[in-house]
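Engineer: make a model of this:
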Amino acid sequence: MKHTLAWYFDYVMKVIKGPDFRTFIIFLAISFLVWSIERLRQSYTIDVDYGVTCVNVPDNYIVDENGIVAFRATVTGDGLDLMMMKPSRRRTIEVDVSKLRKTFVDGHSAAIFIPRKYTHEVMQSLPDHIALERVEIDTVYIPLLTRVKKVLPVIVTDNVTLESQHMFSGPRMLELDTVWVSGTNDKIDTMTAVYTRPLEPIVLRDSISLSMEFDLPNGVEASARGAQVTYCVEPYTEKIISVPITAVNVPEGYTFRAFPQSVNVTLSLGLSNFDVVTSNDIDIVADLQDVKLGSNQQKIKVKLAEYPKYIRSISYSPIFVEYLLEHRHSETAKDKVEK
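Structural biologist: Below you'll find the predicted structure:
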């Protein structure tokens, strides 16, 4: 008697939904668990990779630990203990480079590291119930690269803005403007400065000091981890000063007279300098270098020649003023005798 595919499907679903199938699955799971536990109780032998952490490296050398060939240790233990040890993770032991014998490999200095002499350290790095069988690789050469030192300027990488109606009351102050760096020649030779790590954007309304870490390439060390940077911030306000006009390059024998004789200078500056600045600190100049005598020119442009650096912005009015050049008569002989 032939059955359709739908009949077989319904039959399988009835078996799955039945109580006997659920009992079968439970016993199957229990059996698998017992089998797994028994398997984990058995003893296994695996290989574990080891790296080297170098300490007490001579000051004139640098060790590139990534370039050190790893050695391998063979260990034995129960499956559960080995699984808890995470054998896929590379383990390390500490090596005192100052105590190793030195040699040359391919024309470069190297320290001779013999893993078999460090079996005690390897055993201490293993968990309990894990036994060390043997250490492979007789000799590992630790490359010693020549250390190069150099003094570089510090450049601050910041992202600082000011709140409205505020200004810097002085230049940014840097605790360290130069720093010693050291590393291999291929890395140090290409460096022209030491930069600080970029900061998150910050809006200032008060003075603040920030600790900024240096952003150094891998394998490069500096004499300091970072520098203190101070920003001096204060509110600014507006002030108007009347500044007299000073004439330069006045033709010989003439007197210059401007109308008006002074201009109004509007400046923005920090509150700390509001009472400090005076008209003597600002020069408004009328330059008569190109003025021709006898011309009908009646106005001249005045220019801002000098003002303090702490002023945030400055403007003045008027820009053009009327003027007169009056001829000074020389003294007569009679006047001189009477004197």
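
Engineer: from residue 58, how far off is residue 111?
Structural biologist: 9 Å (CB to CB, to the nearest Å). (C-beta placed from N, C-alpha, C; glycine too.)

Engineer: check residue 184 too.
Structural biologist: Using CB to CB, which is the criterion applied here, residue 184 is 15 Å from residue 58.

Engineer: for this structure, name the helix or strand with the lowest mean pLDDT.
Structural biologist: Lowest by mean pLDDT, DSSP states H and E among the helices and strands of the chain is helix 333-338, with a mean of 46.

Engineer: need the pLDDT of the residue nearest to residue 113 when sequence neighbours are not counted.
Structural biologist: Sequence neighbours aside, residue 140 is the residue nearest to residue 113 in space, at 4.4 Å (criterion: CB to CB, 6 or more residues apart in numbering). Residue 140 carries a pLDDT value of 86.

Engineer: also residue 25?
Structural biologist: 70.

Engineer: same deal with the one 3 residues further on?
Structural biologist: As predicted, residue 28 sits at a pLDDT of 68.

Engineer: for residue 187, same thing?
Structural biologist: For residue 187, pLDDT reads 90.

Engineer: over to the one 10 residues further on?
Structural biologist: At residue 197, the predicted lDDT confidence score is 93.

Engineer: for residue 173, see how far away it is.
Structural biologist: 19 Å.

Engineer: now swap in residue 282 and tell me
Structural biologist: With the distance defined as CB to CB, residue 282 ends up 27 Å from residue 173.

Engineer: so where do the strands sit in the stretch 151-300 of the chain?
Structural biologist: Secondary structure of the stretch 151-300 of the chain (DSSP state E, counting those that start in this stretch): strands located at 160-162, 166-168, 173-174, 178-183, 194-196, 202-204, 208-215, 221-222, 226-231, 233-248, 254-259, 262-270, 283-287, 299-306.

Engineer: now, of the ones you listed, which is deepest in the fold?
Structural biologist: strand 194-196 (a mean of 21; mean count of other CB atoms under 10 Å).

Engineer: what does it rub up against?
Structural biologist: Contact with strand 194-196 is made by 152-158, 179, 181, 212-216, 222, 226-227, 229, as judged by CB atoms under 8 Å, 6 or more residues apart in numbering.

Engineer: OK, contacts around the residue most central in space within the chain?
Structural biologist: Centroid-nearest residue in the chain, with CA atoms, centre = their mean: residue 197, separated by 1.5 Å. Neighbour list for residue 197: 157, 212, 213, 214, 215 [criterion: CB under 8 Å, 6+ apart].

Engineer: repeat for residue 212
Structural biologist: So residue 212 contacts 156, 158, 196, 197, 199, 226, 227, 228, 229 (CB under 8 Å, 6+ apart).

Engineer: ok, what's across the strand from it?
Structural biologist: residue 227 (DSSP bridges).

Engineer: now do residue 202
Structural biologist: So, taking DSSP bridges as the rule, residue 202 has residue 160 as bridge partners.

Engineer: and for residue 208, nearest residue in space, chain neighbours not counted?
Structural biologist: Of all residues not flanking residue 208 in the chain, residue 231 sits nearest, at 5.5 Å (CB to CB, 6+ apart).

Engineer: so what's the residue nearest to residue 58 when sequence neighbours are not counted up against?
Structural biologist: Beyond its immediate neighbours in the sequence, the residue positioned closest to residue 58 (CB to CB, 6+ apart) is residue 98, lying 6.4 Å away. Residues in contact with residue 98 (CB under 8 Å, 6+ apart) are 56, 57, 58.

Engineer: just those residues now: which is nearest residue 310?
Structural biologist: Residue 310 lies nearest to residue 57 out of the contacts of residue 98, by CB to CB, at 50.3 Å.

Engineer: doesn't residue 63 make contact with the closest one?
Structural biologist: Yes - using CB atoms under 8 Å, residue 57 is in contact with residue 63, at 5.2 Å.

Engineer: more neighbours: which of these two?
Structural biologist: residue 63 (22 against 17; other CB atoms under 10 Å).

Engineer: beta partners of that one?
Structural biologist: residue 144.

Engineer: gap between it and residue 53?
Structural biologist: Residue 63 sits 10 Å away from residue 53, taking CB to CB as the criterion.

Engineer: what do you get for residue 132?
Structural biologist: 19 Å.

Engineer: one more: residue 185?
Structural biologist: Residue 185 is 24 Å from residue 53, by CB to CB.

Engineer: likewise for residue 25?
Structural biologist: Distance, residue 25 to residue 53, by CB to CB: 50 Å.

Engineer: again with residue 312
Structural biologist: For residue 312, the distance to residue 53 - CB to CB - is 55 Å.

Engineer: and residue 73, by the same measure?
Structural biologist: 16 Å.

Engineer: show me which of these two is the more surrounded one.
Structural biologist: residue 73 (24 against 11).

Engineer: please consider this matter closed, and thank you.
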